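[1] Sequence and predicted model, in that order:
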Amino acid sequence: MRAVAGVVVRRLSKAVGGTARLRVIALIGCVLALDSADKGAVGALAVALKRSLELTNTELGALTAVSSAAGALAVVPIGLLTDRVRRVRLLYISIGVWSLAMAVGALADSFLWLLLSRVALGAVAATAGPTVTSLVGDFFAPGERARIYGFILAGEMLGTGVGLLIGGDLAQFFSWRFAFWFLALFGGVLMCMIARFLPEPARGGEGWLLAAGPRHGDGRSGGDRRRSDAAHSFVREQGVEPYADRVLRRDPARMSLWDAARYVLGIRTNVILIVASAVGYFFFAGVRGFGVIFVDRQYGLGPAAITGLVPLIGAGALAGVLTGGRLADHLIRRGHLSARMIVPALAYLAAAAFFVPALLTSSLTTALPVLLIAGAALAAANPPLDAARLDVVHFRLWGRAESIRTLLRTGAEATAPISFGLLADVLGTGGPRSAHGVLYAFLIMLLPLAANAVLLLRGRRAYPRDVATAVASERLTRGT
């Protein structure tokens, strides 16, 4: 077993460019995995929680709603802190508080007790979005961020699978409290690992970890950066002009929260990326909420068979998230500067196209391969989108920009189950076991996903100038 683990680590180290980079990617990926594991576990524990604490459906829904609301309220001030304090310290302290809140939830003997612990969890979990985004930007050079994001977001997907596992199969042998204690323990271990092994990178590119090799040693910053900085170099070499009225000449770290929000929402490409990301997560949240019901009614599968499909579909999504970022970075190195807009546009279009036949057929044999492709395409859009947002925003505004994006994404995810459910109820025919209502809801919600592609393709022309504006702003304010 140890030999197998050693081979896996060596191959992963080679794939990401060295052990130092693998350590950073693994720790940041585990942060996202912890949050997604919690969300997956709570969904899987719904029946057990209702039975143990005698919860109503409204109370059960409130556990998720208040957690999301608390996160939405906390994420904006967290973004401000991210731009002004040591991010690694903020991250591991937050994870420690998160683990404590999870342990308190494991001891709950009433709805109110559990509800208050979920409020604390939501508020602390809001730290992950801004801090992770800012750290990725300062650990990895612009030209490879989409590929690196693919590895990091793979951790988020694996976390969802772990949450479903411990909240479903394993909790059946113990209790729902076992899942909470497991996550609290994992969070405590992760807090110690981050405090011990994750360094605080310098802001603005001086802390980039370059790929290990003959010229770069173990991956520490230094050496020739032009190849890693392909997009920014291309902007300079092609003489792309920035938007003169958008170039910053004073330190963005000193901007008020209101001024920072106005500035980042004035970046056309950033607004397009935020909307596209929110629409993508909106659709995914709807699938997460009603996918099991649809599969049960459309294909006539039992719970055990549905559980068996999760790893297959998860593998397709994992392949997509690793491929999307790599493809976008490759195209940028070939001179296609707007690849981080074009690749997710085509991915959303492919996802919408492949979901249609999978939804319309009643044969699982026909639907499964198409679902795998659709899931892979939907996941492939995220790494290029995340990397592109870093390209067009000054590095001293990454935390606040990401907090705004997270706020809108949270709102989209929160409204998705209600929207899908309402459409399914209004359009449903054929009785309670019919899949028609959910089917029509999914088909209608594919339209915004396809519209995402049009939005990104139309917005790709502004991307080079927004990148040039960010580069000019960073150059003028580096010494302030």
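    Sure, I can see it.

[2] Could you use CA atoms for every contact and neighbour count after this?
    Fine.

[3] Surely Ser13 touches Val24?
    No - contact criterion Cα atoms under 8 Å: Ser13 and Val24 do not qualify, at 11.0 Å.

[4] Quick check: next helix or strand after the lowest-mean-pLDDT helix or strand in the chain?
    Sorted by mean pLDDT, DSSP states H and E, the helices and strands of the chain end with helix 230-237, the least confident at a mean of 60. Of the helices and strands lying after helix 230-237 in sequence (DSSP states H and E), the nearest is helix 257-264.

[5] Averaged pLDDT, that following helix. What do you get?
    Confidence over helix 257-264, taken as the mean pLDDT, stands at 94.

[6] Show me the contact partners of that helix.
    Under the contact criterion Cα atoms under 8 Å, 6 or more residues apart in numbering, helix 257-264 has outside partners 80, 252, 270, 393, 397, 400-401, 404.

[7] Neighbour-wise, which one of these leads?
    Most neighbours among the contacts of helix 257-264, by other Cα atoms under 10 Å: Ala401, with 29 neighbours.

[8] Which pLDDT value goes with the one residue sitting closest to the centre of the chain?
    The residue at the geometric middle of the chain, judged as the C-alpha nearest the mean C-alpha position with Cα atoms, centre = their mean, is Leu153 (6.0 Å). The per-residue pLDDT reported for Leu153 equals 93.

[9] Which elements pack onto the strand or helix carrying it?
    When secondary structure is defined by DSSP H and E, Leu153 falls within helix 145-165. Contact analysis of helix 145-165 by 3 or more Cα pairs under 8 Å, 6 or more residues apart in numbering; DSSP states H and E lists helix 19-44, helix 303-333, helix 382-391 as its packing neighbours.

[10] Determine which two of the contacts of helix 257-264 are furthest apart.
    When the contacts of helix 257-264 are compared pair by pair using Cα to Cα, the two farthest from each other are Leu80 and Asn270, 17.9 Å apart.

[11] Phi and psi next, for Asp251.
    Here is the backbone geometry of Asp251 (degrees, to the nearest 10): phi -60, psi 120.

[12] again with Leu248
    Phi and psi for Leu248, reported as degrees, to the nearest 10, are phi -80, psi 140.

[13] Same check on Gly17?
    Here the main-chain torsion angles of Gly17 (degrees, to the nearest 10) amount to phi 100, psi 20.

[14] So it is in contact with Ile148, correct?
    No - look at Gly17 against Ile148 with Cα under 8 Å: they stay out of range, at 10.2 Å.

[15] about what we covered before: chain center to the helix holding Leu153, what's the gap?
    Relative to its chain's centre, helix 145-165 lies at 8 Å (Cα atoms, centre = their mean, to the nearest Å).

[16] cool, and stretch 381-397?
    Chain-centre distance of stretch 381-397: 12 Å, with Cα atoms, centre = their mean.

[17] what does stretch 77-93 give?
    Relative to the mean C-alpha coordinate of its chain, stretch 77-93 is positioned 18 Å out (Cα atoms, centre = their mean).

[18] Going forward, the N-terminal residue is numbered 793.
    Shifting the count to begin at 793 puts that one at stretch 869-885.

[19] and that stretch, which residues are buried?
    Counting neighbours by 16 or more other Cα atoms under 10 Å, one finds that the buried residues in stretch 869-885 are 870-875, 879-885.

[20] Any stretches of the stretch 893-1042 of the chain with poor pLDDT?
    For the stretch 893-1042 of the chain, the stretches flagged by pLDDT under 70 are 959-964, 1004-1030.

[21] who touches the closest residue to Glu936 other than its chain neighbours in this structure?
    In space, Glu936 comes closest to Asp1121 once its chain neighbours are excluded; the distance is 5.9 Å by Cα to Cα, 6 or more residues apart in numbering. Going by Cα under 8 Å, 6+ apart, Asp1121 touches 935-939, 1131-1132.

[22] redo that, cut-off 10 Å
    Asp1121 makes contacts with 934-940, 1020, 1022-1023, 1128-1129, 1131-1132, 1135, 1176, 1179, as judged by Cα atoms under 10 Å, 6 or more residues apart in numbering.

[23] Any of the residues you listed buried? List them.
    Those of the contacts of Asp1121 that meet the buried threshold are 934-940, 1020, 1022-1023, 1129, 1131-1132, 1135, 1176, 1179, by 16+ other Cα under 10 Å.
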